[in-house]
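Student: Okay, sequence plus prediction incoming.
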Amino acid sequence: MVSSLAAGDAPDRWIMTLALFVTGLALVVTAVGLRPADGAGRGLLWVGGVATLAGAWIPNTST
């Protein structure tokens with residue numbers, strides 16, 4: 001995962017989760033908003049945003 005800041009037992013896990021969520025959402029919004037851009041580039045932005053949102057959803061359980 002990203003770091004131990006996103007670990008399931010971290011006291012301030014919500015900070016890292018919120019940052020990842022906002023970043024993923026920004027990527028998806030950018031992909032949707034870039035209408036004149038090439039479809040492949042917009043698709044990559046969308047996939048990156050969805051992957052970041054998934055990373056925010058799944059806690060880091062490794063020690």
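Tutor: In hand now; what should we look at?
Student: I would like the residues contacting stretch 9-25, please.
Tutor: Under the criterion CB atoms under 8 Å, 6 or more residues apart in numbering, residues 2-7, 49-56, 59 lie in contact with stretch 9-25. Glycine gets a C-beta too; all of them are placed from N, C-alpha and C.
Student: now these: which count as buried?
Tutor: Among the contacts of stretch 9-25, those scoring as buried are 5-7, 49, 52-53, 55-56, 59 (criterion: 16 or more other CB atoms under 10 Å).
Student: tell me the two of these that are most distant?
Tutor: Within the buried ones among the contacts of stretch 9-25, Ala7 and Gly49 form the most distant pair, 23.0 Å apart (CB to CB).
Student: now the buried ones among the contacts of stretch 9-25 as a markdown table including secondary structure, pLDDT and distance to Val32?
Tutor: Shown next, in a markdown table, are the buried ones among the contacts of stretch 9-25 (DSSP: H, G, I helix; E, B strand; the rest coil; pLDDT from 0 to 100; distance: CB to CB, whole Å):
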| residue | secondary structure | pLDDT | distance to Val32 |
| --- | --- | --- | --- |
| Leu5 | helix | 71 | 29 |
| Ala6 | helix | 69 | 26 |
| Ala7 | strand | 72 | 32 |
| Gly49 | helix | 95 | 9 |
| Thr52 | helix | 91 | 15 |
| Leu53 | helix | 91 | 14 |
| Gly55 | helix | 85 | 20 |
| Ala56 | helix | 83 | 19 |
| Pro59 | coil | 70 | 28 |
